[in-house]
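1. return a 3D structure for these sequence lines:
(chains A and B)
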Number of protein chains: 2
Amino acid sequence: MKNARLIIADSEHNADMLYASGMFVPDPFIAIELDGRWHGLLSPLEVDRATKVSQLAEVHLDTPWRNAAEIRDWPGLAGCAAAFLAAHNVQGISVPPSFPLRYADQLRGWGFELAASTDAFFPERPVKTEIEIKYLAQAERLTRQSMQQGEQYLGRCSIGNDNILRDPDSGKKVTSDDVRRAIETFLIGKGAMPAHTIVACGRHSSDPHNTGSGYIRAHELIIIDIFPRVLTTGYWGDMTRTYVKGKATTEQKKMYNTVREGQDIGLAMMAAGVDSRHIHAAITAHFDAQGFKTGTVRGKQGGFFHGTGHGVGLEIHEGPRVSTRGEILKAGHVVTCEPGLYYPHIGGVRLEDMVVIRDGGCDNLTRYKRNLEIA
Amino acid sequence: MKNARLIIADSEHNADMLYASGMFVPDPFIAIELDGRWHGLLSPLEVDRATKVSQLAEVHLDTPWRNAAEIRDWPGLAGCAAAFLAAHNVQGISVPPSFPLRYADQLRGWGFELAASTDAFFPERPVKTEIEIKYLAQAERLTRQSMQQGEQYLGRCSIGNDNILRDPDSGKKVTSDDVRRAIETFLIGKGAMPAHTIVACGRHSSDPHNTGSGYIRAHELIIIDIFPRVLTTGYWGDMTRTYVKGKATTEQKKMYNTVREGQDIGLAMMAAGVDSRHIHAAITAHFDAQGFKTGTVRGKQGGFFHGTGHGVGLEIHEGPRVSTRGEILKAGHVVTCEPGLYYPHIGGVRLEDMVVIRDGGCDNLTRYKRNLEIA
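-> Sure thing, here's the model as predicted:
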């Protein structure tokens, strides 16, 4: 009896499946690693395309295996996979942590021994090849260019007597949606798909997950966080800048400069072999030293209450983490460095770059200026 | 001891979680139904927003439950959920079929009895409320308007001597990407997110899942299939039209008219109480009678080899199915009616509308003309 590795998922949402197959398929299908080679079982709808464009070692039409499964009364995709596995003398199956329980219980019921990997299914995925780094750099280049679109749009806006920005063409009051449109229209035109781009002004910017809505006001902090996926490759970009249209207050400036210094500390520390928790700790210590404390004030979280960064690849959030939990950074990791400070009465500041970890340092893929004020 | 229902997922990709919580959260969190009320356990990053905008009956900060779990050495999100469930005297847990195996095995290891629902986790989800139908109609209206953008763009193109279309402004050769850009730029501007919009010309159109690439040629079949998600609501639109820029051949026209008749047959049959497999069979019979056979020709699938339709809601593909497998349609189901014919040497034709099943008939949400030729 043999062992195999099994994924049943679509590859639009499941990055492991995309990593294994190298092909976007919108509906769930089966991928099986047997003797070091990945086999795909695909529907009549997908099998031709898979033969042409996938990176699967073997592409099979799933119909004969579905038929074989039906004879044994094994239903659905799990049944189809089971028929293939049984015919190849497989008993033990390793699956990703996210493997659907329903399929797992079916396969166990039919006598297979099935275990979810306790960690990443592809431990090698966070370490990027140079081709993957090229794709990530391409995604980040588009992200940077779209940030410039947003920044230029804000630059062209005027400030009304009510401190609400006015659109340079229509003269209408400017909302988060208008800024978002300037950014996302550009990305779509370049074949990248944005997702819930954050354009959060004032009070909204103090909540890191608030995507932002309503009017954009002068002299208030505006966080813009853009994370599009390049459609042809599946890789993501991710960057954040914070702006004030008009004049920033002393308090806003001090917070901005402190975050920028924190980001510089993080970027300077990022290198292969470093425990990422020390990076997070160094930034937090700098914030504390500057008087920007983290904790709960009047029932609201304040300060720096998210991680410093995360891996980016076929998922927008993947390993390794740069946070209190820590992981040893390796050459080829691609991670964000995105410290932030958030206080309900001031707003939020976050600056985010994406870098490739190298021996002795890191390569910044974002390379975009950090200026607070837009005139 | 009590029973509970449990979801651990993000609500961007997991429609059950979005249905339970009514709120987009990009990272996995915990939702638990206890005594008929849904509780959410959310991170400090999300808890404020959840309190304001979610439809959860109770919103809890997850930190105390994480701490309680740590004392028992129960790690991660499954541990956090387990601490809450144990404190509420729960032993039996029902989870969705897609529930991650890793969490399931952890929870079972800690003594919980856990079972995946064999069918839909929310059997009521396919039957839409009037508010949901309003959201779906809104999504389909944007989809229709974006189709018009694509159609108008094709109308403005000229035909080169090489039969490749030329852009009306730049004079450059037109590709699938250009048509897609006309459609998707419009959608983004309206707050809807397209996903792999199909613009497939000629040979590409004979493969239903080919998103299309390369030049758009006159006198060849062009399938345009648009399925955007409205960002504020999470509901999808879905429609398909097929065009020929220039003059269609007799063969193309016959295929188009046959698919249109097939769609009319389907739309006329769609009503509450109907077994959807009869609808699929009636369309297939019509295609057969018109000489458009389904089967394998020279190793290629040809004819009508996908289902007639699928439910649409918080997922682009959900129940009920309209296919050989069949389900009884209910009032409030929202389904597509999208017959197609595909032959490698001719290309493909597909027409897709989205309808609400009612007693005695259906309401068409698409209401968009079906004309083959674009002058």
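2. and the strands in the stretch 51-200 of chain A?
-> Secondary structure of the stretch 51-200 of chain A (DSSP state E, counting those that start in this stretch): strands at A:58-61, A:90-95, A:113-116, A:158-159, A:165-166, A:192-193, A:198-201.
3. can you give me the neighbour number for the closest residue to A:Trp110 other than its chain neighbours?
-> Spatial nearest neighbour of A:Trp110, excluding adjacent residues (Cβ to Cβ, 6 or more residues apart in numbering or on different chains): A:Ala82 at 5.4 Å. C-beta here means a position set from N, CA and C on the backbone, and glycine is covered the same way. Using other Cβ atoms under 10 Å in any protein chain shown as the criterion, A:Ala82 is surrounded by 28 other residues.
4. next: A:Arg298.
-> Neighbours of A:Arg298 (other Cβ under 10 Å): 7.
5. ok, now A:Ile223?
-> A:Ile223: 27 surrounding residues under other Cβ under 10 Å.
6. any idea which element it lies in?
-> A:Ile223 belongs to strand A:221-226 when assigned by DSSP states H and E.
7. can the helix or strand following that strand be found next to chain B?
-> Next along the chain after strand A:221-226, taking DSSP H and E as the criterion, comes strand A:229-230. No: using Cβ under 8 Å from any Cβ of the partner chain, strand A:229-230 never reaches chain B; the gap is at least 10.3 Å.
8. tell me the pLDDT of A:Met23.
-> Per-residue pLDDT puts A:Met23 at 94.
9. how far away is the residue lying closest to it once chain neighbours are set aside from chain B?
-> Closest residue to A:Met23 apart from its sequence neighbours, by Cβ to Cβ, 6+ apart: A:Ser54 at 4.0 Å. A:Ser54 sits 13 Å away from chain B, going by Cβ to the nearest Cβ, to the nearest Å.
10. and A:Ile346, by the same measure?
-> To chain B, A:Ile346 is 16 Å away according to Cβ to the nearest Cβ.
11. any idea how far that residue is from A:Thr250?
-> Distance, A:Ile346 to A:Thr250, using Cβ to Cβ, to the nearest Å: 11 Å.
12. tell me which of those two has more neighbours.
-> A:Ile346 (20 against 7).
13. doesn't A:Lys253 make contact with that one?
-> No: counting by Cβ atoms under 8 Å, A:Ile346 does not reach A:Lys253; the two are 11.1 Å apart.
14. returning to what we had before: closest one to chain B among the strands of the stretch 51-200 of chain A?
-> Nearest of the strands of the stretch 51-200 of chain A to chain B, taken as Cβ to the nearest Cβ: strand A:113-116 at 4.2 Å.
15. that closest one vs chain B: in contact?
-> Yes: applying Cβ under 8 Å from any Cβ, one finds strand A:113-116 touching chain B at A:114-116.
16. what helix or strand is whichever residue of the stretch 251-375 of chain A sits closest to chain B on?
-> Among the residues of the stretch 251-375 of chain A, A:Gln301 lies nearest to chain B; the distance is 4.9 Å by Cβ to the nearest Cβ. Counting by DSSP H and E, the element that carries A:Gln301 is strand A:300-302.
17. now that strand: buried residues?
-> Using 16 or more other Cβ atoms under 10 Å in any protein chain shown as the test for burial, strand A:300-302 gives A:301-302.
18. which strands and helices sit next to the following helix or strand past that strand?
-> Reading on from strand A:300-302 to the C-terminus, the next helix or strand found by DSSP H and E is strand A:309-311. On a contact count with 3 or more Cβ pairs under 8 Å, 6 or more residues apart in numbering or on different chains; DSSP states H and E, strand A:309-311 meets strand A:318-322, strand A:334-337.
19. just name the most buried of those.
-> strand A:334-337 (a mean of 27; mean count of other Cβ atoms under 10 Å in any protein chain shown).
20. for that strand, C-alpha coordinates in CSV please.
-> Provided in CSV are the C-alpha atoms of strand A:334-337 (Å, rounded to 0.1, in the frame of the first residue of the first chain):
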residue,chain,number,x,y,z
VAL,A,334,8.4,37.9,0.6
VAL,A,335,6.9,39.9,3.5
THR,A,336,5.3,43.2,4.3
CYS,A,337,6.6,45.7,6.8
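21. so which other helices or strands are in contact with that strand?
-> Here strand A:334-337 touches helix A:130-156, helix A:250-269, strand A:309-311, strand A:318-322, strand A:353-358, going by 3+ Cβ pairs under 8 Å, 6+ apart.
22. could you dump the ones you listed to TSV with distance to A:Asn67 and mean pLDDT?
-> Output for these, formatted as TSV (distance: least, Cβ to Cβ, whole Å; pLDDT from 0 to 100):
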stretch	distance to A:Asn67	mean pLDDT
helix A:130-156	38	98
helix A:250-269	56	98
strand A:309-311	41	98
strand A:318-322	38	95
strand A:353-358	47	98
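23. distance to A:Pro64 added to these, as JSON lines?
-> Below are those laid out as JSON lines (distance: least, Cβ to Cβ, whole Å):
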{"stretch": "helix A:130-156", "distance to A:Pro64": "35"}
{"stretch": "helix A:250-269", "distance to A:Pro64": "54"}
{"stretch": "strand A:309-311", "distance to A:Pro64": "39"}
{"stretch": "strand A:318-322", "distance to A:Pro64": "35"}
{"stretch": "strand A:353-358", "distance to A:Pro64": "44"}
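24. most distant residue from the middle of chain A?
-> Centroid-distance maximum for chain A: A:Ile71 at 42.8 Å, with Cα atoms, centre = their mean.
25. how near is that one to A:Ala9?
-> 26 Å.
26. tell me the centre residue of chain A?
-> A:Ile316 (1.0 Å).
27. which residue packs closest to that one, ignoring adjacent ones?
-> A:Trp236 (4.6 Å).
28. correct me, but the one you found touches A:Arg229?
-> Yes: between A:Trp236 and A:Arg229 there is a contact under Cβ under 8 Å: 5.0 Å.
29. neighbour count: the two, which is higher?
-> Each of A:Trp236 and A:Arg229 has its neighbours counted (other Cβ under 10 Å); A:Trp236 has more, 27 against 19.
30. what residues does the stretch 151-300 of chain A put near chain B?
-> A:177, A:181, A:184-185, A:188-189, A:191, A:193-196, A:207-210, A:231, A:300.
31. quick one: residues contacting A:Phe304.
-> Counting by Cβ atoms under 8 Å, 6 or more residues apart in numbering or on different chains, A:Phe304 makes contact with A:262, A:283-284, A:287, A:292, A:294, A:339-342.
32. which SS state does the residue nearest to A:Asp353 when sequence neighbours are not counted fall under?
-> Once flanking residues are discounted, A:Asp353 sits nearest to A:Thr366: 3.8 Å by Cβ to Cβ, 6+ apart. A:Thr366 falls in the coil class when you classify it by DSSP: H, G, I helix; E, B strand; the rest coil.
33. just the pLDDT for A:Thr366.
-> On the pLDDT scale, A:Thr366 gets 98.
34. run a quick neighbour tally on it.
-> Neighbours of A:Thr366 (other Cβ under 10 Å): 24.
35. pull up the pairing partners for the worst-scoring helix or strand of chain A on mean pLDDT, direction included.
-> Every helix and strand in chain A was compared by mean pLDDT, DSSP states H and E; the lowest is strand A:295-297, with a mean of 81. Take DSSP bridges as the rule and strand A:295-297 pairs in its sheet with strand A:300-302 (antiparallel).
36. ok, residues contacting the strand it pairs with?
-> Contacts to strand A:300-302, defined as Cβ under 8 Å, 6+ apart, come from residues A:293-296, A:342-344, B:44-45, B:48.
37. can we see that at 10 Å?
-> A:206-208, A:292-296, A:341-346, B:43-45, B:47-48, B:61 (Cβ atoms under 10 Å, 6 or more residues apart in numbering or on different chains).
38. tell me the buried residues within these.
-> Buried members of the contacts of strand A:300-302, scored by 16+ other Cβ under 10 Å, are A:206-208, A:292, A:341-344, A:346, B:43, B:45, B:47-48, B:61.
39. name the nearest of these relative to A:Gln148.
-> Distance ranking of the buried ones among the contacts of strand A:300-302 against A:Gln148, using Cβ to Cβ, places A:Pro208 first at 22.9 Å.
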